[in-house]
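Novice: below are the sequence and a predicted model for it; my questions follow.
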Amino acid sequence: MTQSIDTIAIVGAGLAGAKAAETLRSEGYDGRVVLIGDEPERPYERPPLSKEYLRGESGEAPHVHDDGFYDEHSIELMCSTRVTGIDAGFQELMLEGDQRLGYDRLLLTPGAVPRRLDVPGARLEGIHYLRTLADSQRIAERIDAGQRLVVVGAGWIGSEIAASAREKGCEVTIVEVASLPLERVLGPELGQFYLDLHRDHGVEFLPETSVERFEGGDAIERVSTRDGGSLDADFVVVGIGVAPRTGLLENSGIRIDNGIVVDEHLQTNLPNVFAAGDAANARHPFYRRHLRLEHWDNALHQGPAAARNMLGAREAYDRIPYFFSDQYDAGMEYVGHATDWDEAVIRGDTSAGEFVAFWLNDGRVVAGLNLNVWDVNDQIRDLIRSRQRVDSRELTNPQIPISRLQDLGSMEAIGAWASEGGSS
Ligand SMILES: Cc1cc2nc3c(=O)[nH]c(=O)nc-3n(C[C@H](O)[C@H](O)[C@H](O)COP(=O)(O)OP(=O)(O)OC[C@H]3O[C@@H](n4cnc5c(N)ncnc54)[C@H](O)[C@@H]3O)c2cc1C
């Protein structure tokens, strides 16, 4: 370990930052660790904020660590403290209130912020966005009051909020520019599955339209849509995506392009500055290009990898992307990264609510989604990593274990496997 690292500063006390601080200590680093976040809370996990925490099922806030953890590990956690800029030449952070903090290594984990909808009436009371614990608590109060909700955007967050609000008995309408929920990521087949799921639970889905304006006195009363519709609403949640939080890096000399640009070691263009989590646009060795991922799993693993690299490990971060979502009784995991594909196939029956979907490019699996089917995710990940061509008939055949597909390059091999008795 390099002995000259006196202070490691981490900007952003979310999941990536908190796990990085934990890793510095578990790796034996005994210098100063300062974890700075602008929220009043100690670090917490965000996925429950649209699910069980929003529905009031979990009670406790989903903190990453116990209350005493940071003191016990001599991690200086500075809450409610905003970093306003970086003086990379002097290796100093500028903090709100004209304070400065010197660092030898800097990890940037500032996460992302919701994109705002800029239409007339956007500032009316009752229009919400969901990123923080406080946002979730405010939306939960509305849901608990059983009010009429319009959700703008049927991405992951919008879809999960709609499901949670519906489960709690709210009237819910979703307004979406695409023709199906989650269509951009999952394509039409799975988009149709999620549309049916929401409609079966009584959600009204308005496709191919968007918000023209919000109307009301001081508070929201109606949402006017571009196709001439008018929806009564007691509250609105807008979920139209997030943008990386890179404002503090202006004039720092750190390269920004769709987030903080880092190499496969999670290092920026400045040698002592690293980045991880939602804000990092990292070179991915497997995909041979940069990826900025807004997933819990990425923050969980990239933060620690950056921490090890700050201590000199030179570890390439090449984890295959993974995320999960829970809506009503449909729990799903997605592994891989598919922005385009030439074939999508399904093993199982979508109408039974238990299936595995695969996306292929040139006969190779590039992503897989298991819905209410468990313990197959690692197998799909291995299949993606193998880059092996697979026959789509094999993929859709539930008799062939997914773990065998990697070995089965041809139909003859399947025949051999079947004649062995077909057991995995
Ligand atoms: C409601 C919700 C549900 C989600 N559900 C899922 C899910 O089901 N599955 C999944 O895979 N992913 C999910 N995600 C995504 C996942 O939570 C994120 O990918 C993860 O939180 C990213 O962690 P991070 O540490 O990079 O950023 P964050 O968690 O955003 O943490 C960054 C922290 O840095 C602080 N900060 C930023 N700038 C400054 C500054 N200048 N000074 C001081 N502090 C600063 C921020 O306030 C924040 O506290 C969900 C996200 C949300 C919001």
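Specialist: Ah, there it is.
Novice: which positions in the lengthiest helix in the chain come out as buried?
Specialist: What stands out as the longest helix in the chain, according to DSSP state H, is helix 183-200. Buried residues in helix 183-200, counted by 16 or more other C-beta atoms under 10 Å: 183, 185-187, 190-198. Using the backbone N, CA and C atoms, a C-beta is placed for each residue, glycine as well.
Novice: likewise stretch 210-218?
Specialist: Ser210, Val211, Glu212, Phe214, Gly216.
Novice: and if you look at stretch 100-108?
Specialist: Leu101, Tyr103, Asp104, Arg105, Leu106, Leu107, Leu108.
Novice: and it, is it in reach of the ligand?
Specialist: No: applying C-beta under 6 Å from any ligand atom, one finds stretch 100-108 separated from the ligand by no less than 8.7 Å.
Novice: distance of the residue in the stretch 151-300 of the chain that the ligand sits nearest to from Gly228?
Specialist: Relative to the ligand, the nearest point of the stretch 151-300 of the chain is Gly277 (2.2 Å; C-beta to the nearest ligand atom). Distance of Gly277 to Gly228, computed by C-beta to C-beta, to the nearest Å: 41 Å.
Novice: when these two are compared, which one has more neighbours?
Specialist: Higher neighbour count among Gly277 and Gly228: Gly277, with 35 against 8, using other C-beta atoms under 10 Å.
Novice: contacts only, for the nearest residue to the more buried one once chain neighbours are set aside.
Specialist: Among residues not flanking Gly277 along the chain, Ala16 sits closest, at 3.1 Å (C-beta to C-beta, 6 or more residues apart in numbering). Contact partners of Ala16, counting by C-beta atoms under 8 Å, 6 or more residues apart in numbering, are Thr109, Gly111, Ala276, Gly277, Asp278, Ala299, Leu300, Gln302, Gly303, Ala306.
Novice: look at Ala16 and tell me its secondary structure.
Specialist: What DSSP: H, G, I helix; E, B strand; the rest coil gives for Ala16 is helix.
Novice: ok, it to Gly312 distance?
Specialist: From Ala16 to Gly312 the distance is 20 Å (C-beta to C-beta).
Novice: go on, Phe69?
Specialist: Distance from Phe69 to Gly312, by C-beta to C-beta: 25 Å.
Novice: how deep is whichever residue of the stretch 51-200 of the chain sits closest to the ligand tucked in, by neighbour count?
Specialist: Residue of the stretch 51-200 of the chain nearest the ligand, by C-beta to the nearest ligand atom: Gly111 (2.2 Å). The number of residues packed near Gly111 is 23, by other C-beta under 10 Å.
Novice: in terms of pLDDT, where does it sit?
Specialist: Turning to Gly111, the model gives it a pLDDT of 98.
Novice: that one contacts Gly14, correct?
Specialist: Yes: the pair Gly111 / Gly14 is scored as a contact, 5.0 Å apart, by C-beta atoms under 8 Å.
Novice: can you list residues touching both of these two?
Specialist: Gly277.
Novice: excluding covalently adjacent residues, which one is nearest to the spatially most central residue of the chain?
Specialist: Taking C-alpha atoms, centre = their mean, the centroid of the chain lies closest to His295, which sits 2.6 Å from it. Nearest residue to His295, sequence neighbours excluded (C-beta to C-beta, 6+ apart): Phe323, at 4.1 Å.
Novice: same thing with Ile402?
Specialist: Nearest to Ile402 is Gln379, by C-beta to C-beta, 6+ apart, at 4.2 Å.
Novice: got the contact list for Phe193?
Specialist: Thr350, Leu371.
Novice: what kind of secondary structure is Leu248 in?
Specialist: helix.
Novice: and it, what pLDDT?
Specialist: 96.
Novice: report the beta-bridge partners for the residue lying closest to it once chain neighbours are set aside.
Specialist: The spatially closest residue to Leu248, leaving aside those adjacent along the chain, is Val83, at 5.4 Å (C-beta to C-beta, 6+ apart). Counting by DSSP bridges, Val83 forms beta bridges with Leu95.
Novice: relative to His63, how far out is Val83?
Specialist: 21 Å.
Novice: between the two, point out the one with more neighbours.
Specialist: Between Val83 and His63, counting by other C-beta under 10 Å, Val83 is the more crowded of the two (23 against 15).
Novice: which residues touch that one?
Specialist: By C-beta under 8 Å, 6+ apart, the neighbours of Val83 are Val11, Ile36, Asp38, Leu93, Met94, Leu95, Glu96, Leu248.
Novice: the first one: how many residues sit nearby?
Specialist: The number of residues packed around Val11, counting by other C-beta under 10 Å, is 29.
Novice: does the helix or strand hosting Met332 reach the ligand?
Specialist: Here Met332 is covered by strand 330-336, with elements defined by DSSP states H and E. No: with C-beta under 6 Å from any ligand atom as the measure, strand 330-336 is seen stopping short of the ligand, the closest distance being 8.7 Å.
Novice: name the residues of that strand that are buried.
Specialist: Met332, Glu333, Tyr334, Val335, Gly336.
Novice: now do the same contact list for the fourth one.
Specialist: Residues counted as contacts of Val335 (C-beta under 8 Å, 6+ apart) are Ile320, Pro321, Tyr322, Ala367, Gly368, Leu369, Asn377, Ile380, Arg381, Ile384.
Novice: repeat for the second one
Specialist: If you count contacts by C-beta under 8 Å, 6+ apart, Glu333 has them with Tyr322, Phe323, Phe324, Leu369, Asn370, Asn377.
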